[in-house]
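Enquirer: what would the 3D arrangement of this be:
(chains A and B)
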Amino acid sequence: MKPRVAFFDFAGCEGDQLQVANLEEKVIDLVEIVNLVNFREIMTEKSDDYDVAFIEGSIATDHDAERLKEIRSNAAILVALGSCAAIGGINSIRNSQNPERVEDRVYGDDADKVEAWDKAKPADAIVDVDHYVYGCPINKDEFIHVVESLVQGKEPSIPTYPVCVECKMNENVCVFARGGEEKSLPSAKREVQTPGPFAVDQGPFCLGPVTRAGCDSICVNEGTTCWGCRGLIDNPNQNAHKKVLDKYGLTVEEVINKFNLYFGWQQEERNNE
Amino acid sequence: MSNEKINIDVEYLTRVEGHGNIKVNASDGQIEKCEWQVIETPRYFESMVVDHSWKELHHITSRICGICSIGHTLASLKATEDALGIEISDQDELLRKLVLHGENMQSHILHVGYLALPDLMGEGSVIPLASSHPEELKTVIRIHRLANEMSELIGGRTTHPQRLIPGGFSKVPTEKELTNLRSKLKNSFNDLMAVADLCEEKADKFPDFSRETEFISLTTDEEYAFYDGQIRSTDTGISPVDDYLDITNEYVVNQSTAKFARNNRGSYMVGALARLNNNYDQLSPMAKGVAERFNLKPINHNPFMNNIAQLVEVVHNVRDSIKTIDTLLENGLEPQDDYYEPEIEVQAGRGIGAVEVPRGILFHDYTYNEEGVCTAGNCVIPTNQNHANIQHDMEELAPSLIEKDKPEEEIELNLEMLVRAYDPCISCSTHHLDVEFVE
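Expert: Here you go, the predicted model:
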């Protein structure tokens, strides 16, 4: 029997479900090994009888939370798909902003009409999550790997090492070394601002040493920097890429605190521990 | 006239991006309620950008929409470049136009082929087409893949592109890669015509419905506008992009967590049909040829024809991409260092960027302090601008179907098809206006 699979979306850009469509011809192969029973973005048919539920987006209202709990109770396996569902993601930028200012900036006089929480949360802040597909957007190959593993009843294998490992294999010039030692070293040692903007004159900065690999360091390959979209590696103090950090005189905490677009919720969790 | 009670309650409309409901109640042929409701969880992007650097804003606001992340990135970069006084090279502008064509093709073919076509084929989704119409589906997939390959080649990734940065590109394609892309584009004509044939065969399934409205898009003398131009309205003529707030006039309604917009009348429409109505003469001849097959001429007031306008635009995107690649190759591609980052002097200021994205005209508006840190942001998204027009169409379409004694099922399907014709991107559209501008 093919497993019955459902997709659901919460607050997010739906870019992760789009990666499923972007599998192109492989989508046809995919529906040969699973039975898609609920995928609102592409199909009208819907069913509450499913084995595996993929969740995209963060949770930010009571209504979202109730819906997620219902999905959890229906599904044998729940998978968080993409950064927003897996770690809170970009939506959690506002978690460190003053909630009244946040509402005022966006809704002005109509702020009282909006019923959203002060924080955007990942799925596992509300319910148990069985598996995670990280990334903003998700990596298509990793998604296929997770689906195939679940179909075969195996545990998917997701990297526990940092992006630096993949970046070195791709033979990129280290972001911290761009523009030469002179430009990068002093800037990297600048005073840390918490929480703060990525100040303009700080020079090249990269979250590769503390971010979970699995993206094949795509952003650095394409000439930018690791923005941290796949979230912190487990136990950053142990697993961070120490060699890079030591070379540029940075500590794990400095890196995490200095430049934060995706880690808002994870950081809060760390601080509460 | 029907005596029956009609109760249409579509919760979470399917095959659209984001969450919307359709509610229609009628008895004895009289409409009691007819609402297009938007129920998306707000995400607060205009607040999230505050306190962030000019280097990050396009990265953050790209996440407003997965499907049009390239368009959001470009509108964001243009706003930042406007505020900071950054010029980009001709080559970079051509490459940006190319990547925008890629996204427009990807989004339109996804909508026409995967989301709208099942209605015309009498299916609930694209999935049964894999067995009932495998060749047609493979054709659609080939165009979709080509569009994605183009976006990936120029932008570094199809969704949330990386190479597009303030002042230009962190990495540019090689001439060989562009030549390859050119031949793939040339080879896609048969596929494009096959999709046009399929749509033509099924076009009578679109309800015959027209309601006069206002159409707004970018326009420029140089070309069929996507990347740049001034604002053009079929009612009020041409306005500069800086006056966008006078055009978009957003307001709050009770049925929606997204705002509605109006300019000259109660509502207006943006998107492929609006662009076609405003800029038809600048379409490539091949694209016009497809439009003629459907008798699609300006000014067309049938919202269902937006599907066809999208198809016409895909053909134009392919033709114009070939032309753009030719220009790039004739000029010779200027090479760049690896990990290129333009030298930029930061200054305080406010900047506005407007781009035509698949669903219509998009505005990003940022204010920066002298350190290049954002102090205020505003994004007006196409679907927000279309919500009021969807509502008004529904108010006219629903009673006309009831009057014709159509069964409830058919009324419901036609209303769903109406909303789908706008290809709404509802999760984007909840990012509202009304930002305080810091003095």
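
Enquirer: strands of chain B, start to end?
Expert: B:5-10, B:20-27, B:30-38, B:164-165, B:168-169, B:214-219, B:230-233, B:237-239, B:250-251, B:260-261, B:268-269, B:349-357, B:360-368, B:374-380 (DSSP state E).

Enquirer: confidence-wise, which of the ones you listed is weakest overall?
Expert: The minimum mean pLDDT among the strands of chain B belongs to strand B:250-251 (a mean of 81).

Enquirer: that one near chain A at all?
Expert: No. Shown here: strand B:250-251 not in contact with chain A (CB under 8 Å from any CB of the partner chain), separated by at least 9.6 Å. In this view, the C-beta of every residue, glycine as well, is placed from N, C-alpha and C.

Enquirer: packing partners for that strand?
Expert: strand B:260-261 (3 or more CB pairs under 8 Å, 6 or more residues apart in numbering or on different chains; DSSP states H and E).

Enquirer: what does stretch B:382-390 rub up against?
Expert: The contact list for stretch B:382-390 (CB atoms under 8 Å, 6 or more residues apart in numbering or on different chains) reads B:18, B:36, B:38, B:213, B:216, B:248, B:250, B:256, B:258-262, B:266-271, B:303, B:357, B:359-362, B:418-419, B:422, B:424-426, B:428-429, B:431-432.

Enquirer: could you point out which element follows the helix or strand encompassing residue A:147?
Expert: Counting by DSSP states H and E, the element that carries residue A:147 is helix A:140-151. Using DSSP H and E, the helix or strand that follows helix A:140-151 in sequence is helix A:163-169.

Enquirer: now for that following helix, which elements pack on it?
Expert: helix A:218-221.

Enquirer: re the thing from before, figure out which of the strands of chain B is closest to residue B:55.
Expert: strand B:164-165 (8.0 Å; CB to CB).

Enquirer: what about the helix holding residue A:147 and chain B, touching?
Expert: No. With CB under 8 Å from any CB as the criterion, chain B is not reached by helix A:140-151; the gap is at least 9.7 Å.

Enquirer: average pLDDT for that helix?
Expert: Helix A:140-151 carries an average pLDDT of 96.

Enquirer: could you tell me how many residues sit around the residue in the stretch 251-400 of chain B positioned nearest to chain A?
Expert: Chain A sits closest to residue B:372 of the stretch 251-400 of chain B, with a gap of 4.3 Å, by CB to the nearest CB. Residues near residue B:372, counting by other CB atoms under 10 Å in any protein chain shown, number 26.

Enquirer: so who does it touch?
Expert: For residue B:372, the contacting residues are A:200, B:53-55, B:84, B:346-347, by CB under 8 Å, 6+ apart.

Enquirer: give the contact list for the nearest residue to residue A:226 once chain neighbours are set aside.
Expert: The shortest distance from residue A:226 to any residue other than its chain neighbours is 4.0 Å, reached at residue A:208 (CB to CB, 6 or more residues apart in numbering or on different chains). By CB under 8 Å, 6+ apart, the contact list for residue A:208 reads A:162-164, A:167, A:175, A:217, A:220, A:225-226, A:241, A:244.

Enquirer: what number of residues lie near residue A:171?
Expert: For residue A:171, the neighbour count with other CB under 10 Å is 7.

Enquirer: so it, which state does it fall into?
Expert: What DSSP: H, G, I helix; E, B strand; the rest coil gives for residue A:171 is coil.

Enquirer: OK, contacts around residue A:57?
Expert: A:9-12, A:14, A:82, A:84-85, B:41.

Enquirer: one step back: angles on the backbone of the residue of the stretch 251-400 of chain B closest to chain A, please.
Expert: phi 80, psi 20 (degrees, to the nearest 10).

Enquirer: what is the burial count for residue A:220?
Expert: Considering only other CB under 10 Å, residue A:220 is surrounded by 26 other residues.

Enquirer: quick revisit: surely the residue nearest to residue A:226 is within a strand?
Expert: No. Read with three-state DSSP, residue A:208 is coil and lies in no strand.

Enquirer: got a pLDDT number for it?
Expert: With respect to pLDDT, residue A:208 has a value of 95.

Enquirer: distance of it from chain B?
Expert: The gap separating residue A:208 from chain B is 14 Å, by CB to the nearest CB, to the nearest Å.

Enquirer: ditto for residue A:107
Expert: In this view, residue A:107 and chain B are 6 Å apart by CB to the nearest CB.

Enquirer: for that residue, pull up the helix or strand it's in.
Expert: For residue A:107, the host element (DSSP H and E) is helix A:99-107.

Enquirer: quick revisit: in space, what's closest to the residue of the stretch 251-400 of chain B closest to chain A - neighbours in sequence excluded?
Expert: The shortest distance from residue B:372 to any residue other than its chain neighbours is 3.8 Å, reached at residue B:346 (CB to CB, 6+ apart).
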